[in-house]
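Novice: Just a sequence and a predicted model for now, questions to come.
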Amino acid sequence: MFTDTHFHLDHDFYEDYHQVLERAREVGVSLFLVSACSKESIREIWMMEDVKDVYFTIGYHPSEADTVTDADLVWLESLLSHKKVVGIGEIGLDYHYGKKNREKQIALFRKQLELAQKYQMPVVIHTRDAMQETYDILKEYSVKGVLHCFSGSVEMAKAFIARGFLLGIGGVVTFTNSKLYQVVDAVSLSSLLLETDSPYLAPVPYRGSINGPWNIPVIAKKIAEVKGVSTEEVGRITTANACQLFDLQ
């Protein structure tokens, strides 16, 4: 049993979400967390609200910082009580293209962390070229969650884990130029979640193609090789981690 804790069902890449999910189920993926991190994608996910093995995390990505209004945040808050919504995210900071709107990103991040703290919901954190600042801000809040698509050092990994966070590991761990395996080797399986971030970051040997939750076993196999355990054991433990963090039945 495997869980994809983070992917996007973008209509530009997938014509039929039923086919996406069925293809993944055929290789043993049985739980799915869809990330909706813009107003448009949050509106779209409700077409899946009756699919029993699919859950949602919703929030505003830092790329939305220039356009999100107070009314948008009120709307987001109104959706948090829905039975399918199990987390807030992905939220965070992204300075990859510069810090021109840094203050707006921080303000949006903080407002959503306040919601997570208020409703005691886990957060899905996006951080790019902002690892230390993300960590420093998170220290101010009583929240738990996952560092989506973790790309930091072993030291930062252990610092986040010490604060109750898990690490989301995706296709990057299979890349030949990636050092992410060092993080996987240094921490316990109890601190890891599997994710694809589909349609992006397809693992080797499918790098460059459209990614999908059907590639979760490929990622699990690489982690298993690093940890010296079976792929099934990786699936079992990471699924248990996801169920505990997101309170999945």
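Specialist: Okay, I see it.

Novice: what's the closest non-adjacent residue to residue 137?
Specialist: Closest residue to residue 137 apart from its sequence neighbours, by Cβ to Cβ, 6 or more residues apart in numbering: residue 109 at 6.5 Å. All C-beta atoms are positioned from the backbone trio N, CA, C, and that covers glycine.

Novice: continuing past the longest strand seen in the chain, what's the next helix or strand?
Specialist: Looking across the chain with DSSP state E, the single longest strand is strand 85-94. Scanning forward in sequence from strand 85-94 by DSSP states H and E, the next helix or strand is helix 102-119.

Novice: need the contact list for residue 245.
Specialist: By Cβ atoms under 8 Å, 6 or more residues apart in numbering, the residues touching residue 245 are 122, 144, 145, 146, 166, 193.

Novice: Walk me through which strands the strand or helix carrying the last one pairs with, and which way each runs.
Specialist: Read it as residue 193. Taking DSSP H and E as the criterion, residue 193 maps to strand 192-194. Sheet pairing of strand 192-194 (DSSP bridges) gives strand 165-169 (parallel).

Novice: next structured bit after the partner strand?
Specialist: Immediately after strand 165-169, counting by DSSP H and E, sits helix 180-186.

Novice: can you pull the pLDDT of residue 241?
Specialist: Listed pLDDT for residue 241 reads 98.

Novice: now stretch 172-181: how far from the chain's centre is it?
Specialist: Chain-centre distance of stretch 172-181: 18 Å, with Cα atoms, centre = their mean, to the nearest Å.

Novice: next one: stretch 142-149
Specialist: Distance, stretch centre to chain centre, for stretch 142-149: 9 Å (Cα atoms, centre = their mean).

Novice: cool, and stretch 28-45?
Specialist: Once both centres are worked out by Cα atoms, centre = their mean, stretch 28-45 turns out to sit 10 Å from its chain's centre.

Novice: Same check on stretch 231-247?
Specialist: Distance, centroid of stretch 231-247 to centroid of chain: 14 Å (Cα atoms, centre = their mean).
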